[in-house]
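> When you get a sec, could you give me coordinates for this:
(one chain, ligands or ions: 1)
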Amino acid sequence: MRKHIVAGNWKMNTTVPEGVELAKAVVAKSAEVPADVKLIIATPFTHLYPVNEVVKGSAVGLSAENCADKEKGAYTGEVSVSMLTSTGCEYTILGHSERRQYYGETDEKLVEKTRLAIAAGLQVILCVGENLDEREAGKHFEVVGAQTRNVLGNFTAEDMAKIIIAYEPVWAIGTGKTATADQAEEIHAYIRGILKDMFGAQVADDTTILYGGSCKPSNAGELFAKPDIDGGLIGGAALKAEDFIGIALSF
Ligand code: PGA
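This is a model prediction of the structure:
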């Protein structure tokens, strides 16, 4: 059976001391969250090691927000998957729309990153989602379908045990405009249908598909009640422990 997950994506927010404090607050409140909901926090690279000191031994998982598409060597400014695992981190977000939009992340690069991450033992939170123009042109199924197939077409059913999908409509990220629960559900069900096509019913049923985009305590319950929405990838609301935990209590 697939897991319920609430993952916080801190993006480029908090200094190291602020991040450590936020992680402590999340760990302190995590006891309120039922054991069948997995909490994960994704922090900037600089925060991973010290935040791991806070979360280790707790039920809170630790994620990076990106990784290099090369194993090691002369790639100034990049951070490799083995560097990530050496901090204690167990997950990485890949293909977030901000990386696709501002840093030229392509599906081809995501294949390499996903391959390296899985080989290093990391679990991947792979993001897909259409932008506003694509949604208004009625191309959201096509765009999300292509992003999903382009990356996952290079992986096996066995690899899928290490992959979590996050559907994040770009027009809903940080804008306060949440997709309605029905709009999100229809894409989630569509993605699950693609997984069934590609890997069979068991993998489709076992894969966690998160919703992201202005998810907060007041709307999480309605989203999480949908059969194909297994949790959330949370940006802004993950920067306050109370809101983040409030979302995790919405199942
Ligand atoms: P948001 O961000 O919750 O601030 O909309 C979600 C995300 O980008 O992961």
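
> Please tell me how far residue 231 sits from residue 166.
In this view, residue 231 and residue 166 are 9 Å apart by C-beta to C-beta, to the nearest Å. Heads up, the C-betas are built off the backbone N, CA and C, glycines and all.

> and the two? which has more neighbours close in?
residue 231 (30 against 26; other C-beta atoms under 10 Å).

> Quick check, that one in contact with residue 215.
No - counting by C-beta atoms under 8 Å, residue 215 is not a contact partner of residue 231; they are 9.4 Å apart.

> Buried ones in stretch 37-55, by neighbour count?
For stretch 37-55, burial by neighbour count (16 or more other C-beta atoms under 10 Å) applies to 37-45, 47-49, 51-52, 54-55.

> Out of those, which comes closest to the ligand?
Set against the ligand, the nearest of the buried residues of stretch 37-55 by C-beta to the nearest ligand atom is residue 42 (8.6 Å).

> residue contacts, the closest one?
Applying C-beta atoms under 8 Å, 6 or more residues apart in numbering to residue 42 gives the contacts 7-10, 62-65, 91-93, 125.

> Just give me the neighbour total for the nearest residue to it once chain neighbours are set aside.
Spatial nearest neighbour of residue 42, chain neighbours left out: residue 63 (3.8 Å); criterion: C-beta to C-beta, 6 or more residues apart in numbering. A total of 25 residues lie near residue 63 under the criterion other C-beta under 10 Å.

> Quick check: which element contains residue 63?
If you go by DSSP states H and E, residue 63 is part of strand 60-64.

> Repeat that for residue 182.
Per DSSP H and E: helix 181-199 holds residue 182.

> how about that helix, does it get close to the ligand?
No - counting by C-beta under 6 Å from any ligand atom, the ligand has no neighbours in helix 181-199; the shortest distance is 12.7 Å.

> can you narrow the contacts of residue 42 to ones near the ligand?
Within the set of the contacts of residue 42, contact with the ligand (C-beta under 6 Å from any ligand atom) is found for residue 9.
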